[in-house]
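# fold the following, please.
(chains A and B)
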Amino acid sequence: QGVRQAQWLTKTKLVEGLPPSVLSIIDNPAHQLEDYEEGVKRAISHARFWDTTEVAPRREHYCPVLFEDLIHLCRLMAAKYPSLAKRMLARNYKVSATWERESILLQVRGLNGILMNSMAPIPPVAPKEEILATEEHVLETFYPISPTIDLQEVNVYKELSDTGKSSCFRDGYPYSHPHTLFFLESANVRTNRFRPEQLRAKMLMFAFGNALAKAKVLYGNDPKVLEQPIVVQSIGTDGQLFQFMVFQLNTTDLVSSDGIKNLVWIDSDQNLYEKAQCVPEVKKRVVTKPAGIYGFQPDTFKKFLALYLHGTV
Amino acid sequence: MAASRGRRLLWQGRCWFSQTESAAPLPPPPDSLYPPIVASATAKSKAAKRRRLEHFNQQVHAAVSIEEKLRLYGKLQRPKYMVYPQTFALNADRWYRSFTKTVFVPGLPPRPAPAAARAPAAVAPEAAKAPEGAAPQAAKAPERATAAPAAAKTPEVAAGAGPYLDMGQLRSLACDALLQESFYQNKKRPFLYRDQDHTPGPFLTQLVSTLAAFLCGRNPLLAASSLDLKPEVNYYWHHGEEVVVHGHRKGRVDPVRFQIDDNPHLQIRVPKQLPEFVPLESDLGDVPVIDHKPSKLPLFKKQYENKVFIGSKVADPCCYGHTQFHLIPDKLKRERFVRANLEDQIEVVYRANGIASLFAWTAAQAMYQGFWSEADVTRPFVSQAVVTDGKYFAFFCYQLNTLALTAETIQNNSRKNICWGTDSKPLYDVVEDGSVKGFNDEVLLQLVRFLLNRPKEL
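From the prediction side, this is the model:
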């Protein structure tokens, strides 16, 4: 069921589009996001055309390369904003978080791509009123399908629920706040890749898992409404299509289906470019489409950069 | 036969016109009725071979684009020696120097004056304290303001209030990267013999990317740079001659072909070339001459595609190299050499890696600009490299002055390539309990200087 199922499992209300704080970063002309267009075009060309001795690289090659190049571009902005240097990327990162949802014990676990941590947490995106308004929101259920459909049932022997001790990072780690999760769908064969809907659901579950683990570290294991909501962002891509998501954990009281809900803003299916032609297309000895990038959309990179800068500007 | 017939005809022709010679100046002789007399192109003779070679050289010179030139250069496939930059062979660096006509100068190249003035004067001295890994950076900011350049060696610091490098912040960045990879992040146990992928690899990636981002304000070249993770660098060249030993081509004299296929851990490519360290024609030492066949090293032959590649295709605007970072694999760990009583070979590993990788990279960059062994470089190509095994760092700078290494072109070529290199020094002593003990600022400073290297105009 994708995102709807994930919403029910994490007790979240969905808001379309990105939150106003992120949008304000995009719209703010002081950040001069337009200067990076050339760099982004170069990054796409590098990833899709130039990086290999073969004629055209495969997705499992170009997807991570594109991601690395975009992150490199974002990191270079540290010249303007010195506090950006206080970020650390963790690759091959494992997380696990457990929670109960109407008497079903759920757990999110596993290698979930690349996590970017920062020293300072992202401030909450939604004002208090919006949080309280979620109380009235009723979670969508899909009776008669059980909400746990398509979930793997395993015997959980240890309820691990930290980004701290048992799972990933030890205590005293200075970059203790999960900032953004990156998911790269880079399998060559299309069936091995997640469809956009499923990718968004996966992003939501893992963002929730990270936020929940952080909440338990900060506030303990008792379910309650959080005074200071925790915000975790997540970006998923398959090398061309980008999904952006900002998740705000308002409450760890997940057993019941009413009360304050968590919030998620999703901006889905953003194309960075329409097509990347490696070899010119020739029909009847005439070049119909020369090699190059078609349909470049700078807005997608602006959103990427805005999510990267979120929390420090 | 053809020659004598031609001569006779000419004589006859002269006879024919002899009466009219005195009458008027001879009109310019018409283009001869017969094609020019040249050696055969297909015979099994030295003249024919020369003619084929000339034809090939002309074809490559006249190639339309760089891709076409590279394609023609590496079109003929024959068995060639595969040169591995990371090798366990004893004294490999001497052999590699002879293959690539490189002079090795210990130490680092003399720095051009303005950059030298900025670097030592810019380091704010730190109070002697054991650097703790996770210390907050708030205390470092006031130290930046209290500038007291203790090491102002060269007086011509015209920069005035130049930006000071905050060693404390750099040190904490490096320590944070190190601690995250080795201590804080819980990873599974390293795979067998894959220790390098587990900790030093990610540490190096983190360190370089954070340092590059931190320093891009100082060095605008870094802001336009391109960072490659695990790129491929290939170069193919001829050097020397040998007689084919067996096979249907037995007895023929062939150039000795080499190919380097390298995979640095990390590489920074930039759109502008780094400045030269010394002038093009300088002679800083001798190239070792080795009388044995390369296969004695040991080096093995294989026939496959002749690739020339710097890490990305010709169309990429970032076509010059800045710095490469190499990770020594588990097979060549220090402990193994110590156990085998070969301590002196440890440095050889670093040197051979530096020389071979940098030669391949700079030569491929030169080929991307259209130079090759018949069209030698008109300006030196410069790149840097850092070879490390996670704890010990060795720094290398390479200046490519000549590509003409084939048997014909090397005879009149007095230029030599130059490689400067240091010994390997540890960055830290040990990591325990969340802190880094014995951090060595010198090594970090050298790394930072490498990253800050840029053309004079910037």
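# drop to CA atoms for contacts and neighbour counts, all remaining ones
Will do.
# got a list of what residue 88 touches?
Because you didn't say which chain, this covers chain A. Neighbouring residues of residue A:88 by C-alpha atoms under 8 Å, 6 or more residues apart in numbering or on different chains: A:116, A:117, A:118, A:175, B:177, B:206.
# that was the other one, I meant chain B.
Per C-alpha under 8 Å, 6+ apart, neighbours of residue B:88: B:332, B:349.
# check the secondary structure at it for me.
coil (DSSP: H, G, I helix; E, B strand; the rest coil).
# could you do the one 5 residues further on as well?
Classification of residue B:93 by three-state DSSP places it in helix.
# state the distance from it to chain A.
28 Å (C-alpha to the nearest C-alpha, to the nearest Å).
# about what we covered before: so which of the contacts of residue A:88 is surrounded by the most neighbours?
Ranked by neighbour count (other C-alpha atoms under 10 Å in any protein chain shown), the contacts of residue A:88 have residue B:177 at the top, with 25 neighbours.
# now that one: which helix or strand?
Taking DSSP states H and E as the criterion, residue B:177 maps to helix B:167-179.
# now that helix: mean pLDDT?
For helix B:167-179, the mean pLDDT works out to 82.
# ditto for stretch B:78-90
92.
# give me the distance between the two termini of that stretch.
Counting by C-alpha to C-alpha, to the nearest Å, you get 27 Å between the two ends of stretch B:78-90.
# next: stretch B:77-94.
27 Å.
# please apply the same query to stretch A:12-22.
With C-alpha to C-alpha, one end of stretch A:12-22 sits 19 Å from the other.
# just want the most central residue of chain B.
Centroid-nearest residue in chain B: residue B:358, 2.1 Å away (criterion: C-alpha atoms, centre = their mean).
# where does it land on pLDDT?
94.
# identify the residue nearest it in space, chain neighbours excluded?
residue B:398 (6.3 Å; C-alpha to C-alpha, 6 or more residues apart in numbering or on different chains).
# pretty sure the one you found sits against residue B:383.
Yes. With contact defined as C-alpha atoms under 8 Å, residue B:398 and residue B:383 form a contacting pair (5.5 Å).
# which residues are in contact with each of those two?
B:358, B:362.
# neighbour count winner among those two?
Using other C-alpha under 10 Å, the more surrounded residue of residue B:398 and residue B:383 is residue B:398, with 30 against 27.
# list the strands paired with the one helix or strand the more buried one maps to, with their directions.
Using DSSP H and E, residue B:398 maps to strand B:392-400. Paired neighbours of strand B:392-400 in the sheet (DSSP bridges): strand B:381-388 (antiparallel), strand B:417-421 (antiparallel), strand B:425-426 (antiparallel).
# so for it, mean pLDDT?
93.
# name the residues of that strand that are buried.
By 16 or more other C-alpha atoms under 10 Å in any protein chain shown, the buried positions in strand B:392-400 come out as B:392, B:393, B:394, B:395, B:396, B:397, B:398, B:399, B:400.
# same question, stretch B:398-414
B:398, B:399, B:400, B:401, B:402, B:403, B:404, B:405, B:406, B:410.
# list the contacts of that stretch.
B:100-101, B:237-241, B:255, B:276-277, B:280-281, B:355, B:358-359, B:362-363, B:371-377, B:379-384, B:415-420.
# so where do the strands sit in the stretch 201-313 of chain A?
A:225-237, A:241-251, A:262-271, A:275-277, A:281-283, A:286-289, A:292-294 (DSSP state E, counting those that start in this stretch).
# average pLDDT for stretch B:99-108, rounded please.
91.
# and that stretch, how far from the chain's centre?
The gap between the average C-alpha position of stretch B:99-108 and the chain average comes to 11 Å, counting by C-alpha atoms, centre = their mean, to the nearest Å.
# could I have the CA atoms of that stretch written out in PDB?
Output of stretch B:99-108 as PDB, limited to C-alpha atoms (Å, rounded to 0.1, in the frame of the first residue of the first chain):
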ATOM      1  CA  PHE B  99      60.500   2.600 -17.300                       C
ATOM      2  CA  THR B 100      59.200   6.200 -17.000                       C
ATOM      3  CA  LYS B 101      62.500   8.100 -17.200                       C
ATOM      4  CA  THR B 102      61.800   9.700 -13.800                       C
ATOM      5  CA  VAL B 103      64.200  11.200 -11.400                       C
ATOM      6  CA  PHE B 104      63.400  10.800  -7.700                       C
ATOM      7  CA  VAL B 105      64.200  13.700  -5.400                       C
ATOM      8  CA  PRO B 106      63.600  13.000  -1.700                       C
ATOM      9  CA  GLY B 107      61.700  15.700   0.100                       C
ATOM     10  CA  LEU B 108      59.200  18.100  -1.400                       C
END
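# okay, buried residues for the longest helix out of those in chain B please.
Using DSSP state H, we find that the single longest helix of chain B is helix B:344-368. For helix B:344-368, the neighbour count (16+ other C-alpha under 10 Å) marks B:345-368 as buried.
# related to what we said a few turns ago, could you save the strands paired with strand B:392-400 as TSV and add columns showing mean pLDDT?
As requested, the strands paired with strand B:392-400 are arranged in TSV below (pLDDT from 0 to 100):
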stretch	mean pLDDT
strand B:381-388	93
strand B:417-421	93
strand B:425-426	91
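# got a markdown table for those, with distance to residue A:272 too?
A markdown table is the format used below for those (distance: least, C-alpha to C-alpha, whole Å):
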| stretch | distance to residue A:272 |
| --- | --- |
| strand B:381-388 | 34 |
| strand B:417-421 | 43 |
| strand B:425-426 | 43 |
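# ok, residue B:47 touching residue B:54?
No. Proximity of residue B:47 to residue B:54 does not meet the contact threshold set by C-alpha under 8 Å, at 10.5 Å.
# which one's more surrounded, these two?
Neighbours per residue, other C-alpha under 10 Å: of residue B:47 and residue B:54, the larger number sits with residue B:47, 15 against 12.
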